[in-house]
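Asker: missing the sequence, but the structure's below:
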């Protein structure tokens, strides 16, 4: 192999390595900085009613944020699962029939009303419909 061919090979290999490294660094950065799609077709979340037995809660993502669907005594409620105090994710306490924030102990009723603790506002209610045994949120 002569010197010119070897230098060309090394230069091409170095350029390919640098391009791959730049892509590996820039792609995650661009994905982080790029705004999320607001496609309304994927906005609605559908959950079979059979997945929510009485007294249970089903957590899911709605528009990139945690949400929860609760069934209790024939009543169905859909709320944001983000505590209004500092943004922690509330947890469903089945035996007490209420939500509890694990960060600072805020407690909410099944309809999101603040019972005690530091949360300044109730949990946000999310619109939903039930058609043919399927709950559609959004």
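Answerer: That came through, no problem. Just so it is clear, the structure is predicted and the values come from calculations on it, not from any experiment.
Asker: my guess is residue 106 contacts residue 122, does it?
Answerer: No: counting by CB atoms under 8 Å, residue 106 stays clear of residue 122, with 10.5 Å between them. C-betas here are computed from N, CA, C, even on glycine.
Asker: Please enumerate the shared neighbours of the two.
Answerer: Common neighbours of residue 106 and residue 122, using CB atoms under 8 Å, 6 or more residues apart in numbering, are 84, 114.
Asker: Show me which of those two is the more surrounded one.
Answerer: residue 106 (23 against 16; other CB atoms under 10 Å).
Asker: what's the closest non-adjacent residue to residue 105?
Answerer: Leaving aside its chain neighbours, residue 105 sits nearest to residue 117 (5.0 Å; criterion: CB to CB, 6 or more residues apart in numbering).
Asker: Quick one: mean pLDDT over the helix or strand containing residue 12.
Answerer: For residue 12, the host element (DSSP states H and E) is helix 3-33. Average pLDDT, helix 3-33: 91.
Asker: Next: stretch 130-138.
Answerer: Averaged across stretch 130-138, the pLDDT comes to 90.
Asker: and it, which residues are buried?
Answerer: Buried residues in stretch 130-138, counting neighbours by 16 or more other CB atoms under 10 Å, are found at 135, 137, 138.
Asker: where's the nearest residue to the last one once chain neighbours are set aside relative to residue 71, distance?
Answerer: Meaning residue 138. Once flanking residues are discounted, residue 138 sits nearest to residue 44: 4.2 Å by CB to CB, 6+ apart. In this structure, residue 44 lies at 19 Å from residue 71, with CB to CB, to the nearest Å as the measure.
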